[in-house]
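A.B. asks: I would like to see how this sequence folds:
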Amino acid sequence: MSISVFLLDDHEIVRRGIAQLLESEDDIVVVGEAGTAAQALARIPALRPDVAILDVRLPDGDGVSVCRDIRSAMSPPPACLMLTSFSDDEALFGAIIAGASGYLLKQVAGIDLVGAVRTVAAGGSLLDPKATGLVLERLRRGDEPTDPKFDSLSPQERRILELIADGLTNRQIGAELYLAEKTVKNYVSSLLHKLGFARRTEAAVYAAERRRPSAR
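C.D. replies: A predicted model of the protein is given here:
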């Protein structure tokens, strides 16, 4: 039987390239794709793919949250394969907690991506056992804050939240992170929505409060 795959990436050219790569294989078929987290959450449950390849960083959220949401909403859920341009320990931590089956950099060779799809479709895992062990150790120590709203933020949104707490403007944050001011504005709107705040001053106070326990 064929392995059905859903692709989530905000760059169309990346989706096309991955789709062409996968569909050149006799046992893999791409059944759908999306460029945003919202589109993916609307389409994946209806298409019920065997594997969901999810970009970690998205304009309206992040692939880790999509993984968590679809795995909690679907039975059986698809195997989630996280794909990212940057190595990020916090995103890896989030992916493991969300139940992802694999975490790969986009620099991965085509043959390795195809192999990864087949591995996770068969119930296997591509997560580094050492990384998984570190996550479990952190959970045992209880040093990871239990805040669902904060956990819903992408790594980039968390960085921007910290800079908001430092009093930086959108333009200053953009210069710090090499992002366009409009892009920063979109990130700020997204993180305010996720945290349930109407104003950035509320977010700044919230971030400052989060810093206090670690400062003791």
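
A.B. asks: Toward the C-terminus from the lowest-mean-pLDDT helix or strand in the chain, list the very next helix or strand.
C.D. replies: In the chain, the helix or strand scored least confidently by mean pLDDT, DSSP states H and E is helix 129-141, which has a mean of 61. Later in the chain than helix 129-141, the nearest helix or strand by DSSP states H and E is helix 148-151.

A.B. asks: Counting neighbours, what do you get for the nearest residue to residue 19 once chain neighbours are set aside?
C.D. replies: Of all residues not flanking residue 19 in the chain, residue 30 sits nearest, at 4.6 Å (C-beta to C-beta, 6 or more residues apart in numbering). In short, each C-beta sits where N, CA and C put it, glycine included. Residue neighbour count, defined by other C-beta atoms under 10 Å, stands at 20 for residue 30.

A.B. asks: Provide a list of residues in contact with residue 30.
C.D. replies: 4, 5, 6, 7, 18, 19, 22, 23 (C-beta atoms under 8 Å, 6 or more residues apart in numbering).

A.B. asks: ok but it is inside a helix, no?
C.D. replies: No. Using DSSP: H, G, I helix; E, B strand; the rest coil, the assignment for residue 30 is strand, not a helix.

A.B. asks: who does it bridge with?
C.D. replies: Beta-bridge partners recorded for residue 30 (DSSP bridges): residue 5.

A.B. asks: just how off-centre is whichever strand or helix holds residue 159 within its chain?
C.D. replies: Under the criterion of DSSP H and E, residue 159 resides in helix 155-165. Relative to the mean C-alpha coordinate of its chain, helix 155-165 is positioned 16 Å out (C-alpha atoms, centre = their mean, to the nearest Å).

A.B. asks: Show me the shaky parts of this structure.
C.D. replies: Within the chain, the stretches with pLDDT under 70 are 86-90, 128-146, 212-216.

A.B. asks: which residues in it form helices?
C.D. replies: Along the chain, counting by DSSP state H, helices occupy 12-23, 37-47, 63-73, 89-98, 110-121, 129-141, 148-151, 155-165, 170-177, 181-195, 200-215.

A.B. asks: Relative to residue 96, how far out is residue 10?
C.D. replies: Distance of residue 10 to residue 96, computed by C-beta to C-beta, to the nearest Å: 23 Å.

A.B. asks: Also residue 206?
C.D. replies: Distance, residue 206 to residue 96, by C-beta to C-beta: 25 Å.
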